[in-house]
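# here is a sequence together with a model predicted from it:
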Amino acid sequence: MDESILNHLFLPHHLPDSADEDFLIKGKHENEYKLLECLNEYFNSVTSAHVPFTPPVFRIFHDTIKRWAVLQNPQNLSVQDIQTTLEKLSTGTLLPLYFHAQNAAILIEIDETNQPIVSAWEVLLPNSTITSSITRHYSCFPVTTYRLCDRGQLNSKVHCEILADFMSNTIEYSKAQKASREVDEIRDVPESHYVCQWWIQHFQELTDNHATEICLPFKKKHRDQIRSHRELAPFRRSGLWMTIKVVVQTILTKSLKENAIIIYKLFVTHFLTYIICTRTPPVDLLVHSIRKIVRRLNKIDHLPIASASESINQWIENTKNDIQDSINRIFPKSDWQQAVRMNEIRNEDLSMEDFHSDNTTICKHSCARCMFQRGFSNEKRHFLK
C-alpha cells in the first residue's frame, strides 16, 4: 500500500503497466479513498505542533477532508449517508466528491445565506491527449459556480440517489472504431458531461454565481503517465489526488488571495514530506521522492509573498524549517550512494531535464463555459432519474 500511495503522489519513473497491479486503483478504485485518510492522518499529526500559527482556513480543510473521506469510501457509501451529510452542511462548510466512474468531480459549498453553491469539472484528460504529445497540459480554475435557490433540491432523496449512482456506475464511455463499428473504449477515462453539464442543469431556479464570487484564477498541470496500451485497465495517476489539489487551492485562493499560491505549495510539500517520513518505501523511490521535495522547496523560495499577517509569515517559516529538518533526518547515508548512482544511470535515458519547450496546451473544461448551451434529451434525463 505504501508504495502505491507514493506512486500516485510522486509519479516515479517505474510505474505499473496495469491499474490492477496498483493497490489504490485496482478493481473499481476501491482503495483510492485512502489518500483522504492519509490527509486526515496528516492533519491529526501536525495540528498539535502548529496550532499557534496555523491559518484558520486549515480547520476548514480538516473538517472538509473528514466529511469527504466518509463518503468517498465505496465500501460504506449509501444514499442515506449522502442525504444525512448534505442536510448537516452548515454555513461555510464544503463537500467535494470525486466520481471515478464519470471522470468528474463536484464541489458543494453552503454560503452565508444558507444557499448551496455548486460546481463541477472534468478531472483527467483522455488517454490520447496524455500519450500523443510531450507538451504540457493544464486545466483552468475556478470553473463556473451556480447558486441553488432551493436547498431542498440538494437534500432530496432523488438527488442523493443520483450522486450514489455517479459514484458506482459509468454512464458513458469514450468511443472507439473497431471492425467498422463503434464500441465503448473501456481503457480510456469515461465521459464527464453527465456530471459537468447534466447534473448542473437538472437543478431548477439555478443562477450563475460568477458575478458575485471573486476568486483569483489558477491552473493545474496534468502530470500523468500511461505505461501500456495493451492493458484492459492501464495505470493512470489518481484522479482523486488531482481533485484534492484543486479543492485545496480553491479554498485557499478564496481565503488568502495572492498568498494562496505559496501557502498551497508549502502545504502540499509538507504533506508529501510527512508521507515519506511515516512510510518505508524502497531506497530508489525514497530518493526520487526527496529530490522532488527539494525541487519544490527551491521553487517555493523564489515565490513572492504579498503583505501577510504575522501568523501567516510564522506558519511559512515554521513549515519550511520542518520540511528541511525532516529531509535532513532521512537523507541517504554514504552506504546508500551506490544504489543512488545505479538509479541515476538507469533513469538517465528517461530524463527530460535537457528538453525545453514553450509550447503549452490549456485545457478548459466544458463546465467553465455556460452549462446550458448543450441540452440533453428527455430520454437521457429519464435514464438518469
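Thanks, I have it. Residues are numbered from 1 along each chain as shown.

# pLDDT score for residue 207?
At residue 207, the model reports a pLDDT of 90.

# no wait, residue 278
So, for residue 278, pLDDT stands at 92.

# residue 345 now?
pLDDT, residue 345: 52.

# tell me the buried residues in stretch 320-335?
Using 16 or more other Cβ atoms under 10 Å as the test for burial, stretch 320-335 gives 320, 322, 323, 326, 327. Backbone N, C-alpha and C define where each C-beta goes, glycine included.

# swap in stretch 174-194?
Those would be 174, 185, 187, 188, 189, 190, 191, 192, 193, 194, for stretch 174-194 by 16+ other Cβ under 10 Å.

# which ones are touching the first one?
What it means is residue 174. 126, 184, 185, 188, 189, 190, 191 (Cβ atoms under 8 Å, 6 or more residues apart in numbering).

# redo the buried residues of stretch 320-335 as JSON lines? Include distance to residue 153 and pLDDT.
Shown next, in JSON lines, are the buried residues of stretch 320-335 (distance: Cβ to Cβ, whole Å; pLDDT from 0 to 100):
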{"residue": "320", "distance to residue 153": "45", "pLDDT": "92"}
{"residue": "322", "distance to residue 153": "44", "pLDDT": "90"}
{"residue": "323", "distance to residue 153": "44", "pLDDT": "91"}
{"residue": "326", "distance to residue 153": "46", "pLDDT": "89"}
{"residue": "327", "distance to residue 153": "49", "pLDDT": "88"}
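
# quick check, nearest of those residues to residue 118?
Lowest distance from residue 118 to those (Cβ to Cβ) belongs to residue 323, with 35.4 Å.

# can you tell me the helix or strand for that closest one?
Residue 323 belongs to helix 310-330 when assigned by DSSP states H and E.

# that helix - contacts with which helices or strands?
helix 34-50, helix 260-278, helix 283-300 (3 or more Cβ pairs under 8 Å, 6 or more residues apart in numbering; DSSP states H and E).

# which of those is buried the deepest?
helix 260-278 (a mean of 20; mean count of other Cβ atoms under 10 Å).

# between that helix and helix 34-50, how many degrees?
100 degrees (axes from the mean of the first three to the mean of the last three Cα atoms, to 10 degrees).

# so residue 84 sits in a helix?
Yes - counting by DSSP: H, G, I helix; E, B strand; the rest coil, residue 84 is found in a helix.

# narrow the contacts of residue 174 to those in strands?
In strands, judged by DSSP state E, the following of these are found: 184, 185.

# farthest pair within the contacts of residue 174?
The widest separation within the contacts of residue 174 (Cβ to Cβ) is 13.8 Å, between 126 and 184.

# test my guess that residue 68 contacts residue 36.
Yes - using Cβ atoms under 8 Å, residue 68 makes contact with residue 36 at a distance of 5.8 Å.

# so where's the chain uncertain?
47-53, 133, 210-214, 228-229, 308, 332-385 (pLDDT under 70).

# what are the boundaries of the strands in it?
94-99, 104-110, 116-122, 136-141, 146-148, 174-178, 181-185, 206-208, 218-221, 360-363.

# closest to residue 63 out of these?
Among these, if distance is taken as Cβ to Cβ, the winner is strand 94-99, at 8.4 Å.

# what sits up against that closest one?
Applying Cβ under 8 Å, 6+ apart, the set of residues contacting strand 94-99 is 60, 64, 67-68, 71-72, 85-86, 89, 104-110, 123, 163, 166-167, 195, 239-240, 243, 247, 251.

# ok, residue 55 - contacts?
255, 256, 263, 311, 312, 315.

# go with 6 Å
Counting by Cβ atoms under 6 Å, 6 or more residues apart in numbering, residue 55 touches no other residue.

# swap in residue 235?
Taking Cβ under 6 Å, 6+ apart, one finds 15, 16, 19, 227 in contact with residue 235.

# change it to 7 Å
Contacts for residue 235 were tallied using Cβ atoms under 7 Å, 6 or more residues apart in numbering; they are 15, 16, 17, 18, 19, 22, 227.

# got those as a markdown table, with neighbour count and distance to residue 46 columns?
Compiled in a markdown table, the contacts of residue 235 are given as follows (neighbours: other Cβ atoms under 10 Å; distance: Cβ to Cβ, whole Å):
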| residue | neighbour count | distance to residue 46 |
| --- | --- | --- |
| 15 | 16 | 29 |
| 16 | 19 | 31 |
| 17 | 16 | 36 |
| 18 | 16 | 35 |
| 19 | 19 | 31 |
| 22 | 23 | 27 |
| 227 | 15 | 34 |
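
# name the nearest of the residues you listed relative to residue 298.
The closest of those, once distances to residue 298 are taken by Cβ to Cβ, is residue 15, at 24.8 Å.

# wait, the closest one touches residue 225, no?
Yes - counting by Cβ atoms under 7 Å, residue 225 is a contact partner of residue 15 at 5.9 Å.
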